[in-house]
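Enquirer: model this:
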Amino acid sequence: MEINIDFNKNEDLLKQQLYQLKNRLKRVYAGGGESRIKAQHDKGKLTARERIHYLLDDSSDSLEIGALAGEEMYVEHGGCPSGGVVVVVGYVKGRLCVVVANDATVKAGAWLNFLIMAWASLTVAFSSRTVVLIGAALRVSVI
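Expert: From the prediction side, this is the model:
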């Protein structure tokens, strides 16, 4: 069996890049940080990702769009993970939907200038007749 050194180098590089991506996503999924997530929970509220998780069908696939949007922007003000908005394509009661929820742990859920780009994802939804659920309708609480 012949050993391909280039293949091994590429495999190692890919593993390093996947590790770095997973770490970046872990920071993004923390939103505005543990203290802000705790503040949301103390108010009896769920984070945007938690609300979306409860909304989507349990056994279905989903895909978050734009998780790295806003990364390294507004660092002097604490950053802006996911642009302060979580956009997920998934199934609700068997129907494909695009779910948009403001992340209150990031800039108190404020919409920032560059978030207009996030709405481009909705163009795809509208053109494919997919249901769009926007944050205000996602008031979910757990007792």
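Enquirer: report the buried residues of the helix or strand hosting Glu64.
Expert: Following DSSP states H and E, the helix or strand that holds Glu64 is strand 63-65. For strand 63-65, the neighbour count (16 or more other C-beta atoms under 10 Å) marks Glu64, Ile65 as buried. Where C-beta positions appear, they are placed from N, C-alpha and C, glycine not excepted.
Enquirer: so what does it touch, helix or strand wise?
Expert: strand 85-92 (3 or more C-beta pairs under 8 Å, 6 or more residues apart in numbering; DSSP states H and E).
Enquirer: could I have the strand it packs on exported to CSV, CA atoms only?
Expert: Taking C-alpha atoms only, strand 85-92 is exported to CSV below (Å, rounded to 0.1, in the frame of the first residue of the first chain):
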residue,chain,number,x,y,z
VAL,A,85,-30.4,37.4,14.4
VAL,A,86,-30.8,33.7,14.2
VAL,A,87,-32.1,32.4,10.9
VAL,A,88,-32.9,28.7,10.6
VAL,A,89,-34.5,26.6,7.8
GLY,A,90,-36.5,23.7,9.3
TYR,A,91,-39.8,22.0,9.5
VAL,A,92,-42.8,23.1,11.6
